[in-house]
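> Give the three-dimensional model of this entry:
(4 chains, ligands or ions: 6)
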Amino acid sequence: MVKKIINNPKDVVKETMEGLLLANHGKIVKVEDANAVVRPSIPAGKVGLLVGGGSGHEPLFAGFVGDHLADGAVSGNVFAAPAPDQILAATKALDHGKGVLYLYGNYAGDNMNFDIAAELAELEGISTKTVRIYDDVASAPLERIDDRRGIAGDLFVIKVAGAAAAELDSLDEVFRVTAKARDFTRSMGVAISPGSIPETGQPTFEIGEGEIEIGMGLHGEAGVSREKLMPADELVSRMTDLILKDLPFKAGDEVCLLINNLGATTMMELLIVNRKVREILAEAKINVHDTMMGSYCTSQEMAGFSISLLKLDDELKKYYDMPAESFAFTKR
Amino acid sequence: MVKKIINNPKDVVKETMEGLLLANHGKIVKVEDANAVVRPSIPAGKVGLLVGGGSGHEPLFAGFVGDHLADGAVSGNVFAAPAPDQILAATKALDHGKGVLYLYGNYAGDNMNFDIAAELAELEGISTKTVRIYDDVASAPLERIDDRRGIAGDLFVIKVAGAAAAELDSLDEVFRVTAKARDFTRSMGVAISPGSIPETGQPTFEIGEGEIEIGMGLHGEAGVSREKLMPADELVSRMTDLILKDLPFKAGDEVCLLINNLGATTMMELLIVNRKVREILAEAKINVHDTMMGSYCTSQEMAGFSISLLKLDDELKKYYDMPAESFAFTKR
Amino acid sequence: MTIDSISLSQVKDAFHFIANRMVDSKDMLTQADQAIGDGDHGIGMARGFEAVNNMLEAKTLNNVEDVFFNTGTSLLASIGGASGAIFGSFFMGAGKALQGAEILNAAGYQKALEAGLAMVKKRGNASIGDKTMVDALEPAVDAANQYSGSSLEELAGLVAAASHEGMEKTKTFTAKIGKAKTLGERTLGHADPGAISITLIFEALKEYISSL
Amino acid sequence: MTIDSISLSQVKDAFHFIANRMVDSKDMLTQADQAIGDGDHGIGMARGFEAVNNMLEAKTLNNVEDVFFNTGTSLLASIGGASGAIFGSFFMGAGKALQGAEILNAAGYQKALEAGLAMVKKRGNASIGDKTMVDALEPAVDAANQYSGSSLEELAGLVAAASHEGMEKTKTFTAKIGKAKTLGERTLGHADPGAISITLIFEALKEYISSL
Ligand SMILES: Nc1ncnc2c1ncn2[C@@H]1O[C@H](COP(=O)(O)OP(=O)(O)O)[C@@H](O)[C@H]1O
Ligand SMILES: Nc1ncnc2c1ncn2[C@@H]1O[C@H](COP(=O)(O)OP(=O)(O)O)[C@@H](O)[C@H]1O
Ligand SMILES: [Mg+2]
Ligand SMILES: [Mg+2]
Ligand SMILES: [Mg+2]
Ligand SMILES: [Mg+2]
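Ligands and ions are numbered 1, 2, ... in the order given. Okay, the predicted model is just below:
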């Protein structure tokens, strides 16, 4: 049994939600009969932005509901997409006549459940559009980009989408900007020790002493290879190589950089990683506009991290730079 | 060997600093010949606020150098206080004629090294004052409060001191407000698995399966007792009991709450803990003004957390509520 | 003597029997998903079929369609994830095909399976060889279509056997869909968790009928 | 024949000998600190005495005071932490008492020890029984004061022995200062890491002199 500071493992999702609501001091409210939260006062005529996915990635998703960020979040059980009725309840709470944009990671479970919800919403006269995030370059070749998983790059897309949804007043326009942010985002993760699912008490995968999984997914799904642990600099070189050549990012590009902690990795390690990422980007003449670093999109207590880049153009930069505020992310 | 994503273990402190500087995009600069950072432009006539301590607690301390926060931070080796010459170099960089307030956790090593630095600063005509943080109720009885350790409560004291140092223009006044914030702060931590020191590759302590250390210190120093792991609610009750009766906090009090991740604990667990803390505070009729939750003051990859309370009065509330911005903490 | 049909109350009993089987298989299914997925399939299925058990107690079910369809909606709402949508869609699709039937016979079972498969494919777009539950479901439907003259008992046996065989075959496939897909070659040798589940469901139904 | 004094260049050699001993004791000291502190004492002392070795090579040292004093400043600047301040203060205090001496004899060693102890106490405020290096240092100073008529070689032996005895006694104390203090009773049975270090230093000096 993996040790955890919890009560009954079956209650973790419910109790997590209770704790989050209290920590938000009224800035988010619960949707009745659903494991979903929304902002208490959404301006009439605003396009709604709904994010969501499985629980277990805290503070993603509900930690990013706030001003100039998501309007609502719906969370499933640990590592399981939310069910359609939950998504529909959140959709209804968010719709103010302009429709709702669904924004989530590209997984079979999420895709199917959100699609069913979208069909149900349509029956109730609510228009929705969907952007699936597929930033993980390790999970499929570029030709099959829509087979790729969504990982920490979610953050960039939510940041831009939140600002766009606050400023633009048509679902189509919010969709366009959000899809562009998604298309301009690339990520890759690694892990050296597993997370675990509270209800089973078991690690999501096994990994040997001295081994590292390159391309690790957000739920412990395996990546591109299992290797001997290598020095941070060598690891970072390999990861950034794959990321840079994928979009591709080119000399003269301006990017935002996210180094995301999958759970148990130290900030010291992230900073050491950052050093090498910046050295490589500087050599490639890619200019880093801003850096986010921390535990945003986790996989329980998995030790590992991911690197994400968002390529900016004037429009994306404008939305990225806007102030925002939520439980897990504040920008002045 | 504990697995880490680093290069040569002897270089972790240096490389961490390099990564931090890059992540700050010019908002902090390095002090020459010292493992210290300062804000690049400190207004003439401002009282300087210098924080510091051992490395290994990232993002503490250097992550809190910024607007309305610390003006500088000096970091020692992992879990070792910085040497006097380093502290002195940072002191000189911060002094603008109004003197420098030293603010750090109450450990023999920090006390001695900062005291030597203060003596050396005095020789150079720089006045300093010192506030040692001793918020850890688990580390000594109330009668010997100045034997207690400083743990995550540092955050509250730095937040208030940073705002006070930005607003007030005498070292004595900044000292007074900072000491009050320190006196009104109480914390307690627990851990279920150890951190490790990169240079030894060894965990800082051993703990059995199914065991928890109550009162764990920031460097893995033992606490008040080693027990069987218990449900989160029971654990939180025991911790808050000890905290509440220590100041004591009373019905009608207004407090800020910090639930700090010591490293590898999940946000899910922190939120579950928060739920119970709030239930107990509500019963005790203690009003929670604001909540901070996250990995602020860590002990490498230790799994565990601490609960801290800051009791507010009008003055502390004013400084707590001011906007602030740094690498690790932003408040709008 | 072979059983040609079962009554509404037997269908309810059968679904309890299936639900208990799935709840009891929690650890086994979770381990299967640990090998090639994210290790939650067993807890999802157990949670889903606990909800089915509760629904069977609480809800007025007027015909066999109701039993199948409400099983589907219970799974859909309580599991979430890929399996909630897939297994939920399967039972909802199967239920609709039963059109108010008051008993379950071979013809009904065959129609239900066919419609269930269609719903699953509509929802999930998986084909044979993608290493999903479709690899166990589609051969079962094929078997049912081929042998449509048999009794319900015989058909249930054929369906269970075909599904089992299809499930075993998934060990030779590399995953192309779902959370296992990025594992590629490393999924070889492991059966797909969802394929195991659908086989368990068909086997439980067969056992229930044979025990009558 | 017993050795009454050593020359400046022998003092430098002796400090190299001590420094190497401390560097070699890294793991042992770290383990001692893992038992009751934060597990870094060995790495701090090793880093500090590596700096001492470098300083001895790089710096012009004109007399015995210089050797002691610069050893202190090297430790202070390179270790940080409690032991940087304590061991740095010890050697700086000891050095000042030697006032430009060109050799180290028994009288000088005795004065140096006494002044070193005074600096340590001024800096750290620890008393006998607090479970710190003072528990090994103070008995060593007492021994030196009592036997001030002996040769340097004899004195070095007495100092090492008294310090060793004091260090052993720390096993019976509960910590009252430093990172071990909150462990209270649980520190029983473990020697204080800093007390082990000062004993190692005195023993190495004694061995060096005896080997001449
Ligand atoms: N598109 C799909 N079509 C059919 N079955 C699928 C599809 N995607 C996933 N599955 C089935 O779902 C199973 C995984 O279920 P589960 O582990 O509960 O959900 P998740 O993948 O969300 O963790 C797989 O073993 C597979 O049989
Ligand atoms: N106030 C003090 N006076 C004398 N020695 C002290 C004092 N505080 C700590 N020490 C010594 O320092 C040693 C610990 O050193 P070290 O582990 O390197 O530093 P830290 O405690 O900062 O991790 C203790 O074993 C003790 O002998
Ligand atoms: Mg899952
Ligand atoms: Mg230390
Ligand atoms: Mg799964
Ligand atoms: Mg130590």
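> lowest average confidence, helix or strand, in chain C?
Of all helical and strand segments in chain C, the minimum by mean pLDDT, DSSP states H and E falls on helix C:26-36, at a mean of 92.
> Mind pulling the model confidence for residue 167?
This is for chain A. pLDDT for residue A:167: 97.
> Sorry, I should have been clearer: chain C.
Here, the pLDDT recorded for residue C:167 equals 98.
> Which secondary structure element of chain A has the lowest mean pLDDT?
strand A:202-203 (a mean of 90).
> so does that one get close to chain C?
Yes: contact of strand A:202-203 with chain C (C-beta under 8 Å from any C-beta of the partner chain) involves residue A:202. No exception for glycine: its C-beta is placed from N, CA and C like everyone else's.
> right, and the helix or strand after that strand?
strand A:211-214 (DSSP states H and E).
> what residues go with each domain of chain A?
Split into domains by automatic domain parsing, chain A comes to A:9-184, A:185-319.
> With respect to ligand 2, which of these lies nearest?
Judged by C-beta to the nearest ligand atom, the one of those that comes nearest to ligand 2 is domain A:185-319, at 17.4 Å.
> chain center to that closest one: distance?
Mean-position distance between domain A:185-319 and its chain equals 13 Å (C-alpha atoms, centre = their mean, to the nearest Å).
> returning to that earlier point: so which of the domains of chain A comes closest to ligand 4?
Among the domains of chain A, the nearest to ligand 4 by C-beta to the ion is domain A:185-319 (15.3 Å).
> close to chain B, is that closest one?
Yes: residues of domain A:185-319 contacting chain B under C-beta under 8 Å from any C-beta: A:190, A:192-193, A:198, A:209-210, A:229, A:231-233, A:235, A:261, A:263-275, A:278, A:288, A:290-291, A:293-295, A:298, A:300-301, A:303, A:305.
> I'd like to know how many residues surround residue A:313.
Burial of residue A:313 is recorded as 11 neighbouring residues (other C-beta atoms under 10 Å in any protein chain shown).
> sorry, back to before: for the domains of chain A, which one sits closest to residue C:104?
Residue C:104 lies closest to domain A:9-184 among these, at 26.3 Å (C-beta to C-beta).
> and chain C, which residues reach ligand 3?
Within reach of ligand 3 by C-beta under 5 Å from the ion, chain C has these residues: C:38, C:40, C:81.
> for the closest residue to the last one other than its chain neighbours, phi and psi?
The shortest distance from residue C:81 to any residue other than its chain neighbours is 3.3 Å, reached at residue A:80 (C-beta to C-beta, 6 or more residues apart in numbering or on different chains). The phi/psi pair for residue A:80 (degrees, to the nearest 10) reads phi -130, psi 130.
> neighbours around residue A:80, how many?
31.
> coming back round to it: among the residues of domain A:185-319 next to chain B, name the buried ones.
Neighbour-count burial (16 or more other C-beta atoms under 10 Å in any protein chain shown) applied to the residues of domain A:185-319 next to chain B gives A:190, A:192-193, A:198, A:229, A:232-233, A:235, A:261, A:263-275, A:278, A:288, A:290-291, A:293-295, A:298, A:300-301, A:303, A:305.
> quick revisit: in the next helix or strand along the chain from the least confident helix or strand of chain C, what's buried?
Next in sequence after helix C:26-36, counting helices and strands by DSSP H and E, comes helix C:41-58. By 16+ other C-beta under 10 Å, the buried positions in helix C:41-58 come out as C:41-53, C:55-56.
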